[in-house]
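**Q** With the input below, show me the fold.
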Amino acid sequence: MNSSKKNARSPLVYARTAGVLYLLLAPLGIFGILYVPMTLIAPGDAAATANNVIASESLFRLSIVAALMTQLVNLLLVLLLYKLLKPVNKQIAVLMVIFLLAAVPIAMLNELNQVVVLLLLSGAEYLTVFTAVQLQSLSLLFINLHEYGIYIAGIFWGLWLFPMGYLVFRSGFLPRILGVLLMIGCFGYLIDSFTAFLLPGFGVEVAAFTFWGEVLLPLWLLIKGVNVERWEKLADE
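**A** Numbers count the residues shown, from 1 in each chain. Purely as a prediction, here's the structure:
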């Protein structure tokens, strides 16, 4: 294989670009899914939540944009990881892509719930048939729907980690422990998502303790890359 062709498919390029994109998900996700809800939403208090959203409308809108950008980054990320991991097992790499691609439209369409909140609190003339209390209550309802939408997307955010973890574990060009941690992370998301529907208000976030694979993998990809010789051997088989 000539050097130009090797450079065109360099696993280090895939690895380090994927590492950057994966790490980019953290600030986008923390801002859109954690910081803004914790700042603006008063659980069970529709009036306070509505007043907070109106007073910080720009922040609320930024959270929507951050959530949409997160999904765009996910699209690029999974394609790069597919290129990096398909030499291990192409069928399982395809399964990884399918699971994450399934989450993208769910998560993006879920942001319409947030847009509805803005519309309800916009003060538009066609909404005068509703009282202020009704509009506030409806707003909180759609905010709660948005939270459940995140849990639905979370099912697929979990599922894609298992085939990815398996591929990392079997690769030989990445540390096996990273694959184990990713597969464990899968179950954290699944437990949280299904618990939200089966035991609402349970209040335990398992994924908060099982996320380490999603931190250590991108750091490894960015700093250490992969064992190029092992990757090229698999790619040439």
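**Q** Provide a list of residue ranges in the protein with pLDDT below threshold.
**A** Within the chain, the stretches with pLDDT under 70 are 1-9.
**Q** which residues of it fall in helices?
**A** 3-8, 11-29, 36-40, 46-55, 57-85, 90-120, 132-159, 161-171, 176-198, 212-223, 228-235 (DSSP state H).
**Q** just the angle between the longest one and helix 176-198, please?
**A** Comparing the axes of helix 90-120 and helix 176-198 via axes from the mean of the first three to the mean of the last three Cα atoms, to 10 degrees yields an angle of 40 degrees.
**Q** what helices or strands is helix 90-120 leaning on?
**A** helix 57-85, helix 132-159, helix 161-171 (3 or more Cβ pairs under 8 Å, 6 or more residues apart in numbering; DSSP states H and E). The C-beta positions use only the backbone N, C-alpha and C, and glycine is treated the same way.
**Q** mind putting those helices in TSV, mean neighbour count and distance to Tyr22 included?
**A** Converted to TSV, those look like this (neighbours: other Cβ atoms under 10 Å; distance: least, Cβ to Cβ, whole Å):
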stretch	mean neighbour count	distance to Tyr22
helix 57-85	18	6
helix 132-159	19	13
helix 161-171	24	11
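**Q** which one of those lies closest to Gly203?
**A** The closest of the helices and strands packed on helix 90-120 to Gly203 is helix 132-159. By Cβ to Cβ, the value is 13.2 Å.
**Q** Which neighbouring elements make contact with the closest one?
**A** Against helix 132-159 (3+ Cβ pairs under 8 Å, 6+ apart) you get helix 46-55, helix 90-120, helix 176-198.
**Q** Give me the distance from that helix to the chain's centre.
**A** Here the centre of helix 132-159 is set off from its chain's centre by 16 Å, with Cα atoms, centre = their mean, to the nearest Å.
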